[in-house]
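**Q** I need the structure of the sequence given here:
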Amino acid sequence: MSPLSRREFVAAGVAAGAGLVVGFYLPHGGGAKKDFSPNAYLRITPDNKITIVAARSEMGQGVRTALPMILAEELEADWKQMNIEQAGASSLYGDQTTGGSASVRTTWDPMRKAGAAAREMLITAAALTWGVPRSTCAATQGTVVHGASKRQLSYGELAAKASTLPIPSDVPLKQSKDYKIVGQRLARVDTPSKVKGEAVFGIDFRIPGMKYAVLSRCPTIGGKVAGFDDKESKKVAGVTYVGKISDGAVAVVADSVWGAMEGRRVLNVSWDDGPNKDLNNAAVTESLKQAAAKKGVSLYTAGNVSKATGRRITAEYQLPFMAHAPMEPGNCTANYSPNGCELWAPTQVPQDCRDSVAQAVGLDPDQVKVNVTLMGGGFGRRLEHDYAVEAALVSKAINAPVKVIWTREDDMRFSTYRPASLHQLSAVLDGAGWPVAFTHRIIAPSISEQKGQPVPGGVDPDLPDEAAFVYGLENVLIESVIAETPVPLGWMRSVYALQAGFASESFIDELAAAAGKDPLEYRLHMLGNDKDIQYFTTTWHTARMRGVLQLAADKAGWKNPLPAGRFRGIACFGCFSTYAAEVVEISMEKETPRVHRVVAAVDCGQVVNPAILEQQIPGGIVYALSNALRAKITIEKGRVVQGNFDDYAPLRMDETPVVEAYAVPSTEAPTGIGEPPVPPLAPALCNAIYAATKKRIRALPILS
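**A** Next up is the predicted model:
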């Protein structure tokens with residue numbers, strides 16, 4: 001099974017959702033069964049224990065709480081009774097990929113229908129038990145109540161009978177006005193174990209007899225092992241194995257992490273540097289410029305930009321490769337035997353881990369069991385499964401359970417990276433300074449194409465979610481040009497949306513400045529007419545973007561004067577079907593921006609848990625601010641230069657601004673929230689810097 005692109009995952013989830021209530025129900029029936037498990041997401045036992053299964057991975061975004069809340073709402077359950085269980089790799093849930101800000105938006109209807117169907121079956125079971133009309137019974141707080149007699153039965157008491165009933169395929173769903181759980185600020189279920197230090201992340205997991213392994217990998221992109229001398233390594237206390245496990249890596253196994261690291265330190269490996277030994281940043285930039293000369297593929301067209309007349313303004317923007325840099329580096333525990341392999345992995349793609357490991361060690365996929373642990377951040381890095389394959393191969397080689405651990409330097413230098421990109425923008429302004437035409441050419445390598453996935457019509461399958469232009473101008477052309485690179489690419493939080501948003505929203509600020517107009521009023525004018533914009537399968541509404549832009553500006557006090565030495569910038573962007581706007585307030589300290597305050601507003605449809613939303617938004621903003629200020633991966637002699645948080649520095653606590661998060665009230669179906677707060681940050685910050693210095697920043701990072 002090849003990994004799906006994030007766009008393909010979203011489409012697959014939506015398609016599966018339509019038939020999920022019937023198609024993913026577990027077989028049940030027969031009088032002997034006492035547990036009630038009408039579908040893969042829910043289990044109710046006679047002792048009144050209610051378990052909801054979370055089929056997406058928890059990496060700090062709150063899905064172990066949000067997804068069960070959706071099912072519990074329709075189930076009419078008592079939230080205090082809920083037990084949450086993490087699903088491993090399984091065919092029962094469709095695609096389990098956690099990415100593309102899709103966990104809630106693609107499982108909203110399936111989880112609702114799963115809960116509603118179970119609720120209706122429990123009501124029927126109670127009516128049959130009492131011998132009363134079904135219409136006289138109602139579910140509430142984990143019980144079914146008979147209205148006339150006030151009799152009640154718990155869900156546990158009804159479990160055995162409900163398990164014998166047919167599963168309804170068409171069930172009534174609740175109106176948003178009747179929600180009791182969805183929309184509430186419920187505490188996250190994973191927080192207590194984290195506070196107590198009991199939570200098990202991948203790097204924490206242990207099993208008896210387990211060894212530890214680190215790998216020596218070729219430092220040059222695309223290089224291979226030519227040979228190695230392990231004499232010194234085997235002298236290190238606790239080292240039990242040294243061996244080549246792939247073309248590009250040698251594993252050192254020991255009784256401890258430190259023993260394995262010391263064994264690797266003294267290992268003598270000779271490398272075949274391969275075809276990329278001379279690759280550097282200048283070559284990367286040149287490849288983008290050469291690709292820009294190619295004809296682009298249209299992503300969105302309105303009117304005819306070539307016929308617009310007026311004052312023309314052009315600009316180029318550029319972004320570098322970026323690393324995911326999660327706090328928990330790559331790791332996986334594997335226990336191989338000829339009859340099967342069990343994994344304990346902090347993964348966003350349990351099914352891909354299963355399938356890739358099966359292929360690597362010569363097993364059938366159903367012989368590989370994947371247990372999904374908590375993750376110390378993911379940001380897309382754990383959409384890859386290289387660390388799982390490594391662990392399985394080492395376990396097979398030593399015939400024992402082993403944990404493969406990547407060091408921070410491993411994670412930085414042997415990772416996959418957000419693509420570098422070049423953006424060519426052009427606009428035509430009328431006599432009053434308003435844009436009558438807008439062109440944006442996005443030149444970047446395709447992650448999907450590099451991974452061997454289809455790129456239909458030359459359009460990377462992620463761009464339909466990540467490069468929309470939500471302004472109702474008469475003449476617009478958004479184009480994509482695919483460049484090539486040997487640098488390994490991966491999906492990273494907001495992927496192409498960060499790049500497209502930085503370029504287009506910075507350029508719109510340039511247009512406002514050229515027209516001598518307020519940046520907020522300029523955008524509001526461009527969004528002034530209510531218009532529906534069809535971009536691939538998503539319909540964007542200018543009114544909703546106008547709403548979040550106005551909300552962010554109002555909450556930031558845009559029209560109020562700032563204290564001396566303070567400056568503001570604003571930006572908005574739409575991705576993953578969510579509208580986001582941000583105002584950034586800064587001061588300048590020795591030509592370095594100091595961000596004091598960020599005000600963010602989103603329209604992401606129905607909010608499942610406002611407390612989680614208010615955690616997600618600041619998390620995205622802090623991540624985006626780190627990227628905007630300092631994040632840059634450079635290549636010299638075919639090697640990644642950066643290695644740790646000293647030369648790829650995240651935001652420090654004393655640099656973190658005050659963040660205010662607001663959501664437009666909505667009863668629309670939920671959309672994405674993990675990534676949409678990221679794209680507006682960099683342009684809003686750079687626009688604030690322009691307000692302070694009159695210098696335009698057209699390349700990230702700012703402090704390069």
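
**Q** so what's the backbone phi/psi at residue 142?
**A** Dihedral pair for residue 142: phi 80, psi 20, per degrees, to the nearest 10.

**Q** tell me how many other residues crowd the residue nearest to it when sequence neighbours are not counted.
**A** What sits nearest to residue 142 in space, not counting adjacent residues and going by Cβ to Cβ, 6 or more residues apart in numbering, is residue 78, at 3.9 Å. Every C-beta, even on glycine, is put in place using the N, C-alpha and C of the backbone. Neighbour count for residue 78, taken as other Cβ atoms under 10 Å: 18.

**Q** same question, residue 72
**A** Neighbour number of residue 72 under other Cβ under 10 Å is 25.

**Q** so what's it up against?
**A** 52, 79, 82, 115, 181 (Cβ atoms under 8 Å, 6 or more residues apart in numbering).

**Q** isn't the fourth one up against residue 74?
**A** Yes: using Cβ atoms under 8 Å, residue 115 is in contact with residue 74, at 3.2 Å.

**Q** higher neighbour count, those two?
**A** A direct count of neighbours by other Cβ under 10 Å for residue 115 and residue 74 places residue 115 higher, at 29 against 25.

**Q** next, give phi and psi for the more buried one.
**A** Backbone geometry at residue 115, expressed as degrees, to the nearest 10, gives phi -70, psi -40.

**Q** per-residue pLDDT of it, please?
**A** In the predicted model, residue 115 carries a pLDDT score of 97.

**Q** tell me the contacts of it?
**A** Contacts of residue 115 (Cβ under 8 Å, 6+ apart): 42, 70-75, 77.

**Q** same check, this time on residue 340
**A** 363, 367-369.

**Q** grab the most central residue of this structure for me.
**A** Closest residue to the average C-alpha location of the chain: residue 99 at 3.9 Å, with Cα atoms, centre = their mean.

**Q** sorry, back to before: let me know the pLDDT of the residue nearest to residue 142.
**A** 97.

**Q** again, but for residue 31
**A** The model reports residue 31 with a pLDDT of 36.

**Q** how close does residue 458 get to residue 482?
**A** In this view, residue 458 and residue 482 are 6 Å apart by Cβ to Cβ, to the nearest Å.

**Q** and residue 444, by the same measure?
**A** For residue 444 relative to residue 482 (Cβ to Cβ), the value is 7 Å.

**Q** who has more neighbours out of those two?
**A** More crowded of residue 444 and residue 482, by other Cβ under 10 Å: residue 444, with 27 against 21.

**Q** now that one: closest residue in space, sequence neighbours ignored.
**A** Using Cβ to Cβ, 6+ apart, the nearest residue to residue 444 is residue 421, at 3.6 Å.

**Q** again with residue 502
**A** Excluding its sequence neighbours, the residue lying closest to residue 502 (Cβ to Cβ, 6+ apart) is residue 682, at 4.5 Å.

**Q** could you count how many residues lie near the closest residue to residue 310 other than its chain neighbours?
**A** In space, and not counting its chain neighbours, residue 310 is closest to residue 428: 4.6 Å by Cβ to Cβ, 6+ apart. For residue 428, the neighbour count with other Cβ under 10 Å is 20.

**Q** got the phi and psi for residue 276?
**A** phi -110, psi 20.

**Q** next: residue 368.
**A** Dihedral angles for residue 368 - degrees, to the nearest 10 - are phi -110, psi 120.

**Q** that one touches residue 357, doesn't it?
**A** Yes: applying Cβ under 8 Å as the test, residue 368 and residue 357 come out as touching, 5.2 Å apart.

**Q** find the residues that touch each one of the two.
**A** Common neighbours of residue 368 and residue 357, using Cβ under 8 Å, 6+ apart, are 341, 343, 392.
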